[in-house]
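Colleague: structure here, sequence nowhere to be found:
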């Protein structure tokens, strides 16, 4: 029980580009515990996305190690990593990444296919998550018939449908207007209150301020790792939490 | 994590529904790709059908000769042995000896053959004349449709009577039934006593283009001076009971005739014996080759169709790289991605295959109806065609699918 949810040790990712070796992530060691709400910040090219892709088991480190929920991932096969992502990690993307011409329910149900759930169970679980996201009346809409905010909520429902331990969100508000962004961050805060670890990659301070902890990257290294002092709350909760 | 059987079935169903969505998304492209497979399966299925049709129609025409039969010719046998006879022999006395001494013989039907010209008041027809005995009708299962066949009295008296094949009768008289009419055959007047049942045609050879006369009449009037002896024959049909081993009967007949002609041990036969069994074997071999060649040629079009599938699947994988990355991020294993694209290729091919099969059945029916050529495309061939189409999908979709499954999740996700 005492192990952290995410632990990286000397994490390095290098690319060869035009004969030069680029250290996208350059020796990062840090831990993230259960129940944290972390914002990973940095300018573009700082290595924040690469770092997140590695702790999300989407990308393989050049050296160093990642442990998820106490499990070392270095020696895992592609299929084992797929299984780990399926069960423990929910992804939310900037561009939503919903399947076109596919209903909201079917989009949310996709991870359950790979979890080996049957058709009826998939539909039931997906429907529950969509209702929880306030999209009970949009179950059969395809992405083209949903607003950006609604699409991102479908994507969050999809990320949550396998009951993962953590949500990894890469610029989740990057394609949304300010008000909708606030709505999405409110959802993240509620989910975090309910116990899910949330890790958000962003370059916007206003978004990062919704988190409890801020990790700032520059040139592949962590230059700052501190609690958020003036935590920002989405409107609905502001009074209650203050 | 082990997945249960029901969840696996469910995963395949999901793959089929993903495939249908993807195919609908690029409807025109899917249709054109399917067209290639459709044409390929159509060609192969029709080739298989035509091949078996050829087999069936050859066997039918062999069986129409009479199913258990040997045919003897007075030609020195080309099969093995040293040929020491310039001219073979076969006589009515040989026929009687066979009937008397070989077991299982039902009937012997000696024949003489000649080409004749038949003239009526207005029309002329050239045809092949068969000088026969009533036994020919029994052995070869030939009957008169109207009038009667040659009878014993005709043969005894060398009567000038003729039984016409339906084609000859039609050429001379059209629809009119000419039984009782008189014609001139090589300038000799003959009475038409019967018209034969139609035997159809095999391989462009009209079985109804014949005229049957008593063997004695043909010998006297048409071929007498060309024969080596007064009772020589051109052909001898020997009909056997059902269940008689024809190869044994052939050996017995060979021994008997060799004895009769005092052939020395190492010399070849002055006669040739062929059995229906041998005809069936030979023709099966020939039609088998015919079918193989036909199918091989047709397979080229299926190959082209398959390459079309591979091409379009590669395009599809490239276009949907981002979707593949997303599915991998959400937990899809290599096999999940591979299966998804395999199913898509197989669905394309099975749809094309089903349409091709349908077309082949229609074309087969048309061939049967308009060209009188049987094209049997039964359940076996149909199921085979569908399974084969799915296999084409798996083979030609295999490489694109494996390529898709080997993508790195992050590379795939980053693709624009």
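Modeller: Okay, I see it. Treat the numbers as computed from the prediction; the structure is a model and nothing was measured.
Colleague: all helices of the chain, in order?
Modeller: If you meant another chain, say so; for now it's chain A. A:48-55, A:78-88, A:104-114, A:119-132, A:148-160, A:178-193, A:205-208, A:235-241 (DSSP state H).
Colleague: you answered for a different chain; I wanted chain B.
Modeller: B:5-25, B:27-65, B:92-101, B:134-139, B:152-157, B:166-173, B:215-218, B:246-260, B:276-319, B:321-329, B:334-371, B:379-405, B:409-414.
Colleague: in the chain, which residue is closest to the centre?
Modeller: Just going to use chain A. residue A:168 (1.2 Å; CA atoms, centre = their mean).
Colleague: wait, chain B was what I had in mind.
Modeller: Mean-position check on chain B, CA atoms, centre = their mean. Result residue B:54 at 1.7 Å.
Colleague: which positions in chain A make contact with chain B?
Modeller: Contacts of chain A with chain B, taken as CB under 8 Å from any CB of the partner chain, map to A:53, A:56, A:58-59, A:78-79, A:82-83, A:85-87, A:91, A:93, A:97, A:99-102, A:110-111, A:113-119, A:158, A:162. Quick note: C-beta positions are derived from backbone N, CA and C, even for glycine.
Colleague: for chain A, what is the nearest residue in the stretch 301-416 of chain B?
Modeller: residue B:331 (2.5 Å; CB to the nearest CB).
Colleague: can you count the residues close to that residue?
Modeller: Residue B:331 has 25 neighbouring residues, counting by other CB atoms under 10 Å in any protein chain shown.
Colleague: tell me how far the residue nearest to the centre of chain B lies from residue A:232.
Modeller: 84 Å (CB to CB, to the nearest Å).
Colleague: can you pull out the low-pLDDT segments for the stretch 151-300 of chain B?
Modeller: B:201-204, B:224 (pLDDT under 70).
Colleague: by mean pLDDT, flag the weakest helix or strand of chain A.
Modeller: helix A:235-241 (a mean of 49; mean pLDDT, DSSP states H and E).
Colleague: re the thing from before, any quick PyMOL command for the buried ones out of the residues of chain A next to chain B?
Modeller: Applying 16 or more other CB atoms under 10 Å in any protein chain shown to these, the buried members can be selected in PyMOL as follows:
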select buried, chain A and resi 53+56+58+59+78+82+83+85+86+87+91+93+97+99+102+110+111+113+114+115+116+117+118+119+158+162
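Colleague: let me see the contact set for the closest residue to residue B:328 other than its chain neighbours.
Modeller: Spatial nearest neighbour of residue B:328, chain neighbours left out: residue B:409 (3.8 Å); criterion: CB to CB, 6 or more residues apart in numbering or on different chains. Each residue near residue B:409 by CB atoms under 8 Å, 6 or more residues apart in numbering or on different chains is listed here: A:58-59, A:82, B:325, B:328-329.
Colleague: let's see that with 10 Å instead.
Modeller: Applying CB atoms under 10 Å, 6 or more residues apart in numbering or on different chains, we find residue B:409 in contact with A:53, A:56-60, A:78, A:81-82, A:85, B:324-330, B:332, B:337.
Colleague: just want the residue of chain A that's nearest chain B.
Modeller: Closest point on chain A to chain B, by CB to the nearest CB, is residue A:86, at 2.5 Å.
Colleague: if I pick that residue, what's in contact with it?
Modeller: A:111-116, A:162, A:164, B:1, B:328-333.
Colleague: ok, of those residues, which one's closest to residue B:376?
Modeller: Nearest to residue B:376 among the contacts of residue A:86 is residue A:113, at 43.6 Å by CB to CB.
Colleague: does that closest one touch residue A:119 like I think?
Modeller: Yes: the criterion here is CB atoms under 10 Å, and residue A:113 meets it with residue A:119 at 9.2 Å.
Colleague: list residues touching both of these two?
Modeller: With CB under 10 Å, 6+ apart as the test, residue A:113 and residue A:119 both reach B:7, B:10-11, B:14.
Colleague: contact residues of the stretch 1-150 of chain B facing chain A?
Modeller: B:1-4, B:6-11, B:13-15, B:17-18, B:21-22, B:24-25 (CB under 10 Å from any CB of the partner chain).
Colleague: recalculate using a threshold of 8 Å.
Modeller: Counting by CB under 8 Å from any CB, the residues of the stretch 1-150 of chain B that sit close to chain A are B:1, B:3-4, B:6-8, B:10-11, B:13-14, B:21, B:24-25.
Colleague: and the furthest pair within those?
Modeller: B:1 and B:24 (32.0 Å).
Colleague: any chance you could list what contacts stretch B:240-250?
Modeller: With CB under 8 Å, 6+ apart, stretch B:240-250 has contacts from B:67-70, B:102-106, B:238, B:273, B:275-278.
Colleague: only the buried subset of those residues, as a ChimeraX command please.
Modeller: Entered in ChimeraX, the line below selects the buried ones among the contacts of stretch B:240-250, by 16+ other CB under 10 Å:
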select /B:68,69,70,102,104,105,106,238,273,275,276,277
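Colleague: thinking again about what came up before, CSV for the helices of chain A, including distance to residue A:15?
Modeller: Compiled in CSV, these are given as follows (distance: least, CB to CB, whole Å):
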stretch, distance to residue A:15
helix A:48-55, 9
helix A:78-88, 20
helix A:104-114, 29
helix A:119-132, 37
helix A:148-160, 28
helix A:178-193, 30
helix A:205-208, 26
helix A:235-241, 41
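Colleague: mind checking those helices for the one nearest to residue B:40?
Modeller: The closest of those to residue B:40 is helix A:104-114. By CB to CB, the value is 32.5 Å.
Colleague: what's in contact with the closest one?
Modeller: Among residues not part of helix A:104-114, those counted as contacts by CB under 8 Å, 6+ apart are A:82, A:86, A:98-99, A:121-123, A:125-127, A:129-130, A:135, A:138-143, A:146, A:154-155, A:157-158, A:161-162, B:10-11, B:14, B:327, B:330-333, B:336.
Colleague: just the closest of the contacts of stretch B:240-250 to chain A, please.
Modeller: residue B:67 (58.1 Å).
Colleague: which parts of the stretch 201-350 of chain B sit against chain A?
Modeller: Residues of the stretch 201-350 of chain B lying near chain A (CB under 8 Å from any CB): B:322-323, B:326-336.
Colleague: make CSV out of those residues and add distance to residue B:398 and pLDDT.
Modeller: Converted to CSV, these look like this (distance: CB to CB, whole Å; pLDDT from 0 to 100):
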residue, distance to residue B:398, pLDDT
B:322, 22, 93
B:323, 20, 93
B:326, 23, 95
B:327, 19, 94
B:328, 19, 95
B:329, 25, 95
B:330, 24, 95
B:331, 23, 93
B:332, 18, 93
B:333, 17, 93
B:334, 14, 93
B:335, 13, 91
B:336, 16, 91
